[in-house]
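Undergrad: Dropping a prediction and its sequence here:
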Amino acid sequence: MIDFKCPTCTKPFRIPDEYAGRTAKCKACGGALTVPGDPLPLPDAPAASGGASITIGPKTPMRTRRLISDAQLMADAFRNSGLIRILQTEGAPPEIYRVEYRIRGLEPTTNPEHPLPRAVHLVEIQLTADYPRMAPKCKMLTPVFHPNIDPSHVCVGDHWTAGERLPDLVVRIGELLAYQAYNIKSPLDAHAAMWADLHTDKLPTDPRRIRPAELE
């Protein structure tokens, strides 16, 4: 992270490293400011899928730099995790991640009062053209029974910011699958919300720590 102050009003800022060299307006006084640091802070970086290295030059778009940084963060964060594994990526640098979670969760049955245990889940995370300004699109590739997940959407919260790390979002999805996090007040799956409300004694379905030490 880069710590600096507005040269006009001295308001302090803390900005992710990938924004070094970027110009903006101070939210406090409206004055012009430039994030200090080398505007090309990243070295040549390999794609997460193991493809050829990607060279960053003077004209490399800011979004591409962010994608390269994300790929390295994802590889580092989950390299030694027994619960989360990056199965596949698409793009160079990656814009789509398919992630495997070995977490004890639930899957639906024809009777919503009796969901079944499920130990392996697959999730697709797509970094759209508006990323990182907008949150990634996340969807399940395997059946799941959870108040905040439906077949086409994983509700990862309404407070995404451009500075949030992609691995943190991946961990948050894992915490949902484990029922370490859920919201029954505005559910995507009403049956799962009702079940969770009536069976708090069975939650979380997986109490293990999901966040790897590399993200601390």
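TA: On my side now, so go ahead.

Undergrad: make it CA atoms for all contacts and neighbour counts henceforth
TA: OK.

Undergrad: any idea which residue sits dead centre in this protein?
TA: residue 169 (2.4 Å; CA atoms, centre = their mean).

Undergrad: mind checking the SS state of that residue?
TA: Secondary structure, DSSP: H, G, I helix; E, B strand; the rest coil: residue 169 is helix.

Undergrad: Quick one: residues contacting it.
TA: By CA atoms under 8 Å, 6 or more residues apart in numbering, the contact set of residue 169 is residue 156.

Undergrad: what pLDDT does it get?
TA: Listed pLDDT for residue 169 reads 96.

Undergrad: That one and residue 95: what is the separation?
TA: Counting by CA to CA, to the nearest Å, the separation of residue 169 from residue 95 is 15 Å.

Undergrad: how about the lengthiest helix in the chain: buried residues?
TA: With DSSP state H setting the assignment, residue counts place helix 62-78 as the longest helix in the chain. When burial is assessed from 16 or more other CA atoms under 10 Å, helix 62-78 yields the following buried residues: 64-71, 73-75, 77-78.

Undergrad: Then stretch 27-37?
TA: 33-36.

Undergrad: again, but for stretch 128-142
TA: 131-132, 135-140.

Undergrad: Next: stretch 199-208.
TA: 204-206.

Undergrad: picking up where we left off before, now, which of the buried residues of stretch 128-142 sits nearest residue 87?
TA: Lowest distance from residue 87 to these (CA to CA) belongs to residue 140, with 14.0 Å.

Undergrad: doesn't residue 155 make contact with that closest one?
TA: No: the pair residue 140 / residue 155 is not scored as a contact, 10.9 Å apart, by CA atoms under 8 Å.

Undergrad: Please identify every residue contacting each of the two.
TA: residue 149.

Undergrad: returning to what we had before: and the longest helix of the chain, how far out from the chain's middle?
TA: Helix 62-78 sits 11 Å away from the centroid of its parent chain (CA atoms, centre = their mean, to the nearest Å).

Undergrad: what are the C-alpha coordinates of it, in CSV please?
TA: Once non-C-alpha atoms are left out, helix 62-78 reads as follows in CSV (Å, rounded to 0.1, in the frame of the first residue of the first chain):
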residue,chain,number,x,y,z
MET,A,62,-4.1,0.1,-15.8
ARG,A,63,-6.7,-2.7,-15.8
THR,A,64,-4.2,-5.1,-17.4
ARG,A,65,-1.7,-4.2,-14.6
ARG,A,66,-4.4,-5.0,-12.1
LEU,A,67,-5.1,-8.3,-13.7
ILE,A,68,-1.5,-9.3,-13.6
SER,A,69,-1.2,-8.3,-10.0
ASP,A,70,-4.4,-10.3,-9.2
ALA,A,71,-2.9,-13.4,-10.9
GLN,A,72,0.2,-13.3,-8.7
LEU,A,73,-1.8,-12.6,-5.6
MET,A,74,-4.1,-15.6,-6.3
ALA,A,75,-1.3,-17.9,-7.0
ASP,A,76,0.6,-16.9,-3.8
ALA,A,77,-2.5,-16.9,-1.6
PHE,A,78,-3.8,-20.4,-2.4
